[in-house]
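Participant: Give me a 3D structure for the following:
(one chain, ligands or ions: 2)
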Amino acid sequence: MSMYGRIAARRASALREAGICTFLSIESSCDETAAAVTRGFEVLGHSVHSQIALHEKYGGVVPEIASRDHVRMMDDVLNAALKDAGKTLKDIDAVAVTYGPGLVGALLCGVSYAKALAFALEIPLYAINHIEGHICANYIEKPELKPPFVCLVASGGHSHIVLAMDGGYRLLGKTRDDAAGEAFDKAARVLGLGYPGGPKLEALARGGDATAFTLPRPKVDGYDLSFSGLKTALLQSCARMEKQGGYRREDAAAAFQEAVTGQLCEKAVAAAVNSGCGKLALAGGVAANGALRQRLRAACEEAGLEFFVPSIDLCTDNARMIGAAAHLAMLKCETAGLDLNAEPSLRFVLEE
Ligand code: KG4
Ligand code: ZN
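Facilitator: Ligands and ions are numbered 1, 2, ... in the order given. Alright, predicted model coming up:
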């Protein structure tokens, strides 16, 4: 074992013994450069730099531009998080970083930076799965939330319904085709809204009538989900109605949002009720959608489930959620070595 490896291992066991430490966490898996200083589930300071303005004119995230901007912004974002926390690097006990899933070049920026920092400061490094980070965002404002609970994770690349248990996750259902966020982005493109699709479609849907448009409810067994058929149905309905005298884009957006949130809500609530754990949490970028939040809250109330959802800016990509997941990794002494690599297709725990 290298000199760094020995020192980091010794320090990691001391941290586990103490049960709490100050983390500097980095998130760079897609189009946000983010850093956070956390202690347990408490956020001491953080910073997020969004690349939306850079990618907007291309209608989507351009991976090479994303990587270059992460490199450009990483120092500033880290310093802003430290300043926000009133801390310096001397106060940091451990480093955490998202190592997948995500864009390989973007992930590598964070992973290389985190490895260099851990090596230079001689402190332990923890590698965090982005999807687990999204789930752990729920602990930041509600540290009283304890497993077991069912969590619906809906982001740009993933849509999973999982049972969070002490020490692990069990997959209950997942999308068979597009992720929910991907479906929002594709539908936004159909409606000529551009990137980022989800928030733009939600804004348009506010002025629409969902009943003016008929979209099918996909039939999928168990707790699995499917969204690709909805996007095709939207495309066909728009073309048909165009020929019949036109349609309001607001109505199309409202109908699409209603169909996606309806399916997510129905499956997640059924999974939570049947699990018997009595709790449903929501996570991931799509959890920022107001209609979904409202619908799930109402459905949980009706089903007698306790409902958890992070504030909107904790649902979209950020490093505070990576810090929350890192706290759990620290308690399990799950450190990473300096051979850590970015894993763009990293699977979520227990996924087949
Ligand atoms: O978790 P996230 O920020 O990045 C990934 O890990 O993928 O999720 C981004 C996804 C995008 O597809 C985006 O369109 C969607 O979340 N999203 C939304 C909203 N805000 C973000 N979808 C619907 N309504 C929103 N308000
Ligand atoms: Zn995400």
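
Participant: Would you map the helices across the stretch 201-350 of the chain?
Facilitator: 228-243, 249-275, 290-303, 312-315, 320-331 (DSSP state H, counting those that start in this stretch).

Participant: now the stretch 51-200 of the chain
Facilitator: 52-55, 63-85, 104-121, 130-141, 180-190, 197-205.

Participant: The chain against ligand 1: which residues are in contact?
Facilitator: Contact residues, the chain versus ligand 1 (C-beta under 6 Å from any ligand atom): 30, 130, 155-157, 181-182, 184-185, 196-199, 202, 284-286, 288-289, 316-317. Every C-beta, even on glycine, is put in place using the N, C-alpha and C of the backbone.

Participant: rerun that using 8 Å as the cut-off
Facilitator: 29-30, 32, 102, 130-131, 134, 154-158, 179-182, 184-185, 188, 196-199, 201-202, 257, 284-286, 288-292, 312, 315-317 (C-beta under 8 Å from any ligand atom).

Participant: Out of these, which end up buried?
Facilitator: Among the residues of the chain next to ligand 1, those buried by neighbour count (16 or more other C-beta atoms under 10 Å) are 29-30, 32, 102, 130-131, 134, 154-158, 179-182, 184-185, 188, 196-199, 201-202, 257, 284-286, 288-289, 291-292, 315-317.

Participant: In contact with E141, which residues?
Facilitator: Listed by C-beta atoms under 8 Å, 6 or more residues apart in numbering, the contact partners of E141 are 310-311, 314.

Participant: one more time with 7 Å, if that's ok
Facilitator: Shown in contact with E141 (C-beta atoms under 7 Å, 6 or more residues apart in numbering): 310-311.

Participant: cool, and L230?
Facilitator: 183, 215, 218, 256, 259-260.

Participant: Can I get these in a markdown table including distance to ligand 2, neighbour count and pLDDT?
Facilitator: A markdown table is the format used below for the contacts of L230 (distance: C-beta to the ion, whole Å; neighbours: other C-beta atoms under 10 Å; pLDDT from 0 to 100):
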| residue | distance to ligand 2 | neighbour count | pLDDT |
| --- | --- | --- | --- |
| A183 | 15 | 31 | 96 |
| L215 | 26 | 20 | 91 |
| P218 | 24 | 17 | 87 |
| F256 | 21 | 30 | 98 |
| A259 | 22 | 24 | 97 |
| V260 | 17 | 28 | 97 |
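
Participant: hmm, which two among these are most spread apart?
Facilitator: P218 and F256 (12.7 Å; C-beta to C-beta).
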